[in-house]
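Engineer: I would like the atomic coordinates for the input below:
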Amino acid sequence: MEEFSIFNIFTLMGGLAFFLYGMKVMSTGLEKLTGGKLEVALKKMTENKLKAILLGMGVTIAIQSSSAMTVMLVGFVNSGIMTLEQTIGVCFGSNIGTTFTAWILCLDGIKDSGEGGIISFILRLLKPVSFSPLIALAGTILIMFAKKNKKKDVGRILVGFAVLMTGMTFMSDSVDPLANSPDFQKILTAFHNPILGVLVGTVFTGIIQSSAGSIGILQAFSKTGGLTWGMSLPIIMGCNIGTCVTALLSTVGVSKDAKRVAWTHIIIKIIGTLVLLPIIMILQNVIDLGIMSKTVGYVGIAVMHTIFNVATTVMFMPFTKQLVALSKVVVKDGKEEVKDTRRTLTGLDVILLKTPAVAVHTCISATNQMAELTRETILMSLKLLTGYDETVCETIIENEDIIDSYEDKINSYLIKLSKASITGADSRSVSKMMHCVGNFERISDHAVNLVESAQEMHEKGINFSEECINEIMVITDAIAENVNKAFDAYVNNDLKIAHKVEPLEEVVDNLSTELKNRHIRRLQNDECTVELGYIFQDVLTNLERVSDHCSNIAGCLIETDEKTNLHAYLHEVKENDEVFRTEYRAYAEDYFRRLGGQEVNA
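Structural biologist: Numbers count the residues shown, from 1 in each chain. Model prediction:
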């Protein structure tokens with residue numbers, strides 16, 4: 001048999017590289033295929049412990065990484081989406097879900113009898129060396145020739161899986177010569193010390209930051225026939241501790257509770273090891289568990305990996321409150337800067353950029369938060385025109401400053417997000433948000449302009465005439481209705497409402513034209529001063545601009561979701577769409593009737 005040499009080490013390291021890269025490609029493809037739906041569900045299904053565990057398992061299996069799952073939870077807690085208590089059950093489920101990879105790797109340990117026949121053929125077909133090339137071929141064809149992004153994502157998953165299994169085969173083949181190596185057998189005797197086994201598993205997994213990778217290498221070494229159940233168990237426990245390093249690294253610069261998420265993960269693993277390992281060692285010495293001295297294989301390692309994580313879950317399930325309390329002992333409360341909650345946007349955490357689908361959904365929540373504050377601000381400013389209130393003026397100016405900061409933070413986050421690997425639907429959502437946040441910010445600017453007009457009249461002690469106030473009330477009601485329609489359409493992603501914005505926007509334009517003409521007649525008849533006239537013109541200009549931005553918001557939704565050219569759409573509906581004309585006439589009749597004037601034809 002070939003002797004173990006430096007080239008076998010090269011093959012082992014290369015196999016590990018293939019394994020980790022395949023895992024990354026596969027998990028990225030799986031995440032894009034699910035579109036972040038499983039991850040987003042975490043926010044809704046964590047109140048019930050059992051549901052949280054099942055969901056944690058499902059997400060971890062889907063993204064093939066318990067480390068990524070924990071990092072995601074750190075981000076959720078740091079951005080205020082979830083509480084520390086809600087993450088405990090998900091952590092348990094994630095620990096169980098991560099064992100799924102070890103069971104997949106058991107395929108590499110399948111042996112056929114070599115005697116021919118259908119059974120031998122099936123067993124040989126199940127070996128990765130047999131089916132991986134076919135899976136890689138199928139995946140490559142999908143990536144190269146499929147037109148739909150989802151099919152391309154399936155192709156990436158297949159190629160990632162093939163690369164992962166090929167890496168596993170390389171690792172297994174590289175250690176074959178060690179089976180008959182006396183030197184290797186001497187090294188293995190050191191692992192009869194369980195403490196050394198735990199340390200080696202922890203350090204190695206911490207370095208490569210993948211428990212799946214370290215368990216895979218352990219399974220590969222089991223092929224030599226030199227590993228026993230008793231030697232493997234401490235190493236597996238160490239691998240489970242070492243995988244927490246990634247989560248711990250993600251806690252730099254985050255809140256106390258976010259740090260506690262990672263530490264809770266570590267506490268579960270460490271206490272689980274400290275409790276279970278001595279129990280097994282005592283049982284082995286007292287009862288003489290014969291299995292612990294027997295040779296372990298691929299399936300045995302997968303079994304121990306699963307039993308350890310299930311056992312820790314069962315052990316800690318009744319003590320979730322105590323776990324939270326212990327994490328608060330490790331990460332003590334300190335003096336933290338009190339945050340202005342109005343200036344804090346939910347979800348915009350750089351940690352979540354590692355899971356782009358989740359980042360997109362949390363960014364949608366943040367833009368909705370900005371939209372609602374903008375709606376509140378502009379509606380307050382409309383009321384100022386007919387009733388001055390100093391407190392309201394101050395609130396509007398403060399809100400505008402907050403909305404400005406929202407725009408900066410959201411745009412900065414969206415730019416980073418647009419560079420990530422996201423699905424076509426998520427890419428459209430990012431584009432839509434980028435366009436709309438600018439319109440939100442401009443609407444808040446016009447709200448401040450209206451405040452300035454109201455303040456100018458208040459300071460100078462001048463007021464609009466009763467006729468002028470009636471006209472302003474009519475057009476501001478139309479603006480308020482259009483604001484509500486545009487913002488409802490955005491927040492609820494409702495295209496039906498979005499289509500109602502443009503007819504009302506046309507009515508606002510015609511109302512503004514009518515009011516300007518009336519204003520000119522009042523000036524000619526000396527019924528209005530030039531000073532009030534300038535203010536009235538400024539008010540109308542700002543109101544028109546607000547309505548224009550409402551039209552931009554609705555138009556962006558229509559253009560993005562219906563995949564149409566906005567200019568072509570507007571031309572078509574205004575020229576040939578009977579529904580548009582019907583809605584226009586209904587709005588025009590209502591508002592021009594209140595104005596006491598003639599309806600303007602569309």
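
Engineer: give me the phi and psi for the nearest residue in space to residue 24 that is not next to it in sequence.
Structural biologist: In space, residue 24 comes closest to residue 160 once its chain neighbours are excluded; the distance is 7.3 Å by Cβ to Cβ, 6 or more residues apart in numbering. Yep, even glycine has a C-beta here, placed from its N, CA and C like the rest. Backbone dihedrals for residue 160, given as degrees, to the nearest 10, come out at phi -60, psi -40.

Engineer: any idea of the pLDDT on residue 129?
Structural biologist: Model confidence at residue 129, given as pLDDT, is 68.

Engineer: do residue 404 as well
Structural biologist: 93.

Engineer: please export the C-alpha coordinates of the helix or strand harbouring residue 308 as PDB.
Structural biologist: In this structure, residue 308 sits in helix 298-316 according to DSSP states H and E. What follows is helix 298-316 as a C-alpha-only set of coordinates in PDB (Å, rounded to 0.1, in the frame of the first residue of the first chain):
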ATOM      1  CA  TYR A 298     -19.100   7.700   9.200                       C
ATOM      2  CA  VAL A 299     -22.600   6.900  10.500                       C
ATOM      3  CA  GLY A 300     -21.300   6.500  14.100                       C
ATOM      4  CA  ILE A 301     -19.800  10.000  14.000                       C
ATOM      5  CA  ALA A 302     -23.100  11.400  12.500                       C
ATOM      6  CA  VAL A 303     -25.000   9.700  15.300                       C
ATOM      7  CA  MET A 304     -22.800  11.100  18.100                       C
ATOM      8  CA  HIS A 305     -23.000  14.600  16.500                       C
ATOM      9  CA  THR A 306     -26.800  14.400  16.500                       C
ATOM     10  CA  ILE A 307     -27.200  12.800  19.900                       C
ATOM     11  CA  PHE A 308     -25.000  15.500  21.500                       C
ATOM     12  CA  ASN A 309     -27.000  18.400  20.100                       C
ATOM     13  CA  VAL A 310     -30.400  16.800  20.800                       C
ATOM     14  CA  ALA A 311     -29.200  15.900  24.400                       C
ATOM     15  CA  THR A 312     -28.100  19.500  25.100                       C
ATOM     16  CA  THR A 313     -31.400  20.800  23.700                       C
ATOM     17  CA  VAL A 314     -33.400  18.500  26.000                       C
ATOM     18  CA  MET A 315     -31.200  19.400  28.900                       C
ATOM     19  CA  PHE A 316     -31.500  23.200  28.500                       C
END
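
Engineer: contacts for it, please.
Structural biologist: 53, 92-93, 95-96, 98-99, 102-103, 105-106, 108-109, 215, 218-219, 222-223, 229, 232-233, 236-237, 239-240, 268-269, 271-272, 275-276, 296, 323 (Cβ atoms under 8 Å, 6 or more residues apart in numbering).

Engineer: mind checking which of the residues you listed are buried?
Structural biologist: Burial of the contacts of helix 298-316 was assessed by neighbour count (16 or more other Cβ atoms under 10 Å); the buried members are 53, 92-93, 95-96, 98-99, 102, 105-106, 108-109, 215, 218-219, 222-223, 229, 232-233, 236-237, 239-240, 268-269, 271-272, 276, 296, 323.

Engineer: buried set for stretch 531-546?
Structural biologist: Under 16+ other Cβ under 10 Å, the buried positions of stretch 531-546 are 532, 535-536, 539-540, 542-544, 546.

Engineer: check the secondary structure at the most centrally placed residue in the chain for me.
Structural biologist: Nearest residue to the geometric centre of the chain (Cα atoms, centre = their mean): residue 358, 1.0 Å. Secondary structure state of residue 358, per DSSP: H, G, I helix; E, B strand; the rest coil, is helix.

Engineer: equivalent analysis for residue 277, please.
Structural biologist: From three-state DSSP, the assignment for residue 277 is helix.

Engineer: still on that earlier bit, in strands only, show me the contacts of helix 298-316.
Structural biologist: In strands, defined here by DSSP state E, there are no members of those.

Engineer: give me the distance between the nearest residue to residue 533 once chain neighbours are set aside and residue 534.
Structural biologist: Sequence neighbours aside, residue 523 is the residue nearest to residue 533 in space, at 5.6 Å (criterion: Cβ to Cβ, 6+ apart). Remark: distance between residue 523 and residue 534 (Cβ to Cβ, to the nearest Å) = 11 Å.

Engineer: hang on, the earlier thing: against residue 135, how distant is the residue nearest to residue 24?
Structural biologist: 10 Å.

Engineer: who touches residue 419 in this structure?
Structural biologist: Counting by Cβ under 8 Å, 6+ apart, residue 419 has no contacts.

Engineer: show me the shaky parts of the stretch 301-450 of the chain.
Structural biologist: Scanning the stretch 301-450 of the chain for pLDDT under 70 picks out 334-344, 346-347.

Engineer: CA atoms only: put stretch 144-161 into PDB for me.
Structural biologist: Presented in PDB, the C-alpha positions along stretch 144-161 are these (Å, rounded to 0.1, in the frame of the first residue of the first chain):
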ATOM      1  CA  MET A 144     -25.100  28.100 -18.400                       C
ATOM      2  CA  PHE A 145     -28.400  27.600 -20.300                       C
ATOM      3  CA  ALA A 146     -31.300  28.300 -17.900                       C
ATOM      4  CA  LYS A 147     -33.100  31.600 -18.400                       C
ATOM      5  CA  LYS A 148     -34.800  31.900 -15.000                       C
ATOM      6  CA  ASN A 149     -32.700  32.900 -12.000                       C
ATOM      7  CA  LYS A 150     -34.300  30.200  -9.800                       C
ATOM      8  CA  LYS A 151     -33.100  27.500 -12.100                       C
ATOM      9  CA  LYS A 152     -29.700  29.000 -12.100                       C
ATOM     10  CA  ASP A 153     -29.800  29.000  -8.300                       C
ATOM     11  CA  VAL A 154     -30.700  25.300  -8.400                       C
ATOM     12  CA  GLY A 155     -27.700  24.800 -10.700                       C
ATOM     13  CA  ARG A 156     -25.400  26.500  -8.200                       C
ATOM     14  CA  ILE A 157     -26.800  24.300  -5.400                       C
ATOM     15  CA  LEU A 158     -26.000  21.100  -7.400                       C
ATOM     16  CA  VAL A 159     -22.500  22.300  -8.400                       C
ATOM     17  CA  GLY A 160     -21.900  23.300  -4.700                       C
ATOM     18  CA  PHE A 161     -23.000  19.900  -3.500                       C
END
